[in-house]
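Peer 1: Fold the stuff below for me.
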Amino acid sequence: MQRLTLTQPDDWHLHLRDGDALAAVLPDTARRFARAIVMPNLKPPVTTVAMAAAYRERILAARPAGSGFQPLMTLYLTDNMPPAEIDAARASGFVHAVKLYPAGATTNSDAGVTDLSKCAATLARMEQLGVPLLVHGEVTDPAVDVFDREAVFIASVLAPLAREYPRLRLVLEHVTTAEGIAFVRAGGANIGGTLTAHHLLLNRNAIFAGGIRPHHYCLPVLKREAHRRALVDAAISGSPKFFLGTDSAPHAQAAKETGCGCAGCYTAHAGIELYAEAFEAAGALDRLEGFASFFGADFYGLPRNSGTITLRREATAVPGALDYAGGDRLVPLRAGESVAWRLE
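Peer 2: Numbering: from 1, shown residues only. Okay, here's the model as predicted:
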């Protein structure tokens with residue numbers, strides 16, 4: 001197959017940052033995706049509907065001329081978020097979910113939840129109103145091996161949460177383990193999972209290939225090959241419980257290439273092309289459209305997009321770095337190499 005036309009996809013997990021960084025990265029997403037669930041882990045985090053409204057306006061103002069891209073906003077769950085904020089979110093029409101970051105789990109997550117029992121009333125309201133909870137599924141206990149954080153979180157936090165709130169709509173984001181896939185599969189229609197292109201394409205060897213590769217460092221961290229294969233099997237299965245979420249996370253080159261580098265892979269520059277590679281390698285290009293364009297919209301109760309995009313099978317060079325905020329540079333995944341597909 002040399003050309004592939006898809007219903008325009010959506011990105012159900014995206015970091016856009018703010019200010020000059022937002023202006024630098026948004027065009028990559030807007031060229032490919034009609035909509036995106038936008039993460040709220042700014043500084044300060046987006047914890048209220050009013051803050052989400054203001055952030056949404058900044059995103060809309062940063063769109064390239066003629067772009068119809070629509071940001072789908074989220075709130076950052078804290079220990080003291082009141083249930084009334086969930087009422088306001090549901091009424092807003094533009095806040096589509098609430099994000100759970102365990103405190104300290106990833107970039108800008110210091111304000112995250114320290115104890116889910118503190119959020120009981122808010123979670124109950126979310127269950128009642130059908131507002132999805134998007135979960136960064138890792139424990140932060142330093143005694144737990146970094147490669148085991150997701151599996152331990154599922155067993156000790158997420159599975160009990162799903163039992164306590166059986167109608168709560170849950171998305172386990174950027175699933176990285178066979179245990180995560182099993183959790184999503186075993187749940188009802190109210191439980192889904194997003195999969196990133198880098199977790200579908202890479203295993204943990206990529207972090208150490210010939211030396212430390214900081215631009216392959218992300219959280220949750222890449223896992224063993226057996227887990228990568230489990231992710232691919234889920235992505236190509238045709239199950240509507242799994243859908244596209246790039247988790248594209250831009251950081252300045254200097255913030256990645258340092259003694260304590262930031263976690264995150266920037267993939268928005270090839271946000272659908274990399275998925276096409278993964279599906280083609282698995283012999284399942286015919287199943288990419290459901291995963292990328294249908295299942296996420298269905299889970300969120302939104303209409304499927306009416307437009308299309310076309311990919312051409314053509315090796316396309318990836319620049320060694322891209323322009324970023326304040327004169328900094330941003331190193332994308334596959335920098336200095338190529339991707340196998342090109343967006344027409």
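Peer 1: which stretches of the protein have low pLDDT?
Peer 2: In the predicted model of the chain, residues 104-110 satisfy pLDDT under 70.
Peer 1: what ranges do the strands span in this protein?
Peer 2: Counting by DSSP state E, the chain has strands at residues 3-7, 11-14, 35-38, 70-76, 95-100, 133-135, 170-172, 191-195, 242-244, 308-317, 322-323, 329-330, 338-343.
Peer 1: residues making contact with the third one?
Peer 2: Strand 35-38 has contacts (Cβ atoms under 8 Å, 6 or more residues apart in numbering) with 10-16, 29, 55-56, 59, 69-74, 96-97, 134, 245, 302, 305. Bear in mind the C-beta positions are built from the backbone N, C-alpha and C, glycine included.
Peer 1: Buried subset of the residues you listed as a ChimeraX selection?
Peer 2: To isolate in ChimeraX the members of those that are buried, counting by 16 or more other Cβ atoms under 10 Å, one can use:
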select :10,11,12,13,14,15,16,29,55,56,59,69,70,71,72,73,74,96,97,134,245,305
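Peer 1: now P102, which residues is it bridged with?
Peer 2: V113 (DSSP bridges).
Peer 1: residue contacts, it?
Peer 2: 109, 112-113, 136, 138-140, 153, 157.
Peer 1: Then L16?
Peer 2: Residues 22, 25-26, 29, 36, 38-39, 59, 71 are the ones in contact with L16 under the rule Cβ under 8 Å, 6+ apart.
Peer 1: Then P27?
Peer 2: P27 neighbours (Cβ under 8 Å, 6+ apart): 64, 67.
Peer 1: Likewise for the one 3 residues further on?
Peer 2: Listed by Cβ under 8 Å, 6+ apart, the contact set of A30 reads 63-64, 67, 69.
Peer 1: How about V318?
Peer 2: With contacts taken as Cβ under 8 Å, 6+ apart, V318 has the following neighbours: 269-270, 332-339.
Peer 1: cutoff 6 Å now
Peer 2: Counting by Cβ atoms under 6 Å, 6 or more residues apart in numbering, V318 makes contact with 332, 334-335, 337.
Peer 1: neighbours around N80, how many?
Peer 2: Neighbour count for N80, taken as other Cβ atoms under 10 Å: 9.
Peer 1: those helices in this structure, which residues are they?
Peer 2: Assignment of helices within the chain using DSSP state H yields the ranges 19-32, 49-62, 83-92, 120-129, 149-153, 159-164, 178-186, 197-201, 225-235, 253-256, 273-281, 288-289, 295-300.
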